[in-house]
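> build me a model from this:
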Amino acid sequence: MRYYNLFLGVIMLAFTTKAIGQKQIKDFPLFTINEKSVGVNEFVFLYNKNHQNQSEEITKENIEEYLELYINFKLKVMEAESRKMDASDAFIKELNTYKEELRKPFIAETDILYKLVKEAYDRLGWEIKASHILVSSPPDAAPSDTLVAYNKALSIREKVLAG
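Predicted structure coming up:
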């Protein structure tokens with residue numbers, strides 16, 4: 001009975017923590033332009049994304065400056081959308097070039113990784129991790145023949161150790 005209660009408690013705890021982890025934080029509107037509101041979460045995410053490598057402190061002036069830049073950016077985007085500039089051929093072509101530029105590092109990394117994996121696989125065919133050296137000699141060999149085989153094994157060992 002005690003194990004049953006312990007098991008039941010662990011299951012309930014797991015579901016509770018999962019529910020807490022999935023809880024959505026309400027996004028309050030920060031500003032509104034033409035009935036389109038921009039939430040606080042979006043602004044904070046973009047601010048942190050654009051300032052993650054900078055060592056400067058977060059100050060009120062920095063946030064106000066970034067907020068002004070962000071509002072101007074949103075205004076320009078909405079004006080461009082109202083002029084249908086986002087559907088022009090020149091814009092689509094430029095957007096596709098940006099997409100390709102962003103895609104290049106990932107594609108190059110995949111190509112390099114493929115080449116390295118292939119090289120390692122090909123190396124398996126000729127790279128040997130030998131811990132012993134075998135030199136053939138007949139089963140009924142004379143002691144002098146055994147000595148020749150032993151000396152041959154020693155010379156091979158010396159060559160391997162020398163590189």
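> now do the contacts for Tyr150.
Taking CB atoms under 8 Å, 6 or more residues apart in numbering, we find Tyr150 in contact with Val135. For glycine as for every other residue, the C-beta is placed from the backbone atoms N, C-alpha and C.
> what strand or helix carries it?
Assessed by DSSP states H and E, Tyr150 sits inside helix 143-162.
> same question for Lys26.
Using DSSP H and E, no helix or strand contains Lys26.
> how near is it to Gly39?
Per CB to CB, to the nearest Å, Lys26 is found 9 Å from Gly39.
> ok, Lys159 next?
From Lys159 to Gly39 the distance is 71 Å (CB to CB).
> looking at those two, which is more packed in?
Gly39 (14 against 9; other CB atoms under 10 Å).
> who does the more buried one form a beta bridge with?
Beta bridges link Gly39 to Pro29, judged by DSSP bridges.
> Leu30 is in contact with that one, correct?
Yes: applying CB atoms under 8 Å, one finds Gly39 in contact with Leu30, separated by 6.2 Å.
> just want the most central residue of this structure.
By CA atoms, centre = their mean, the chain has its centre lying nearest to Phe106, at 9.6 Å.
> gap between that one and Thr97?
From Phe106 across to Thr97, the span is 16 Å (CB to CB).
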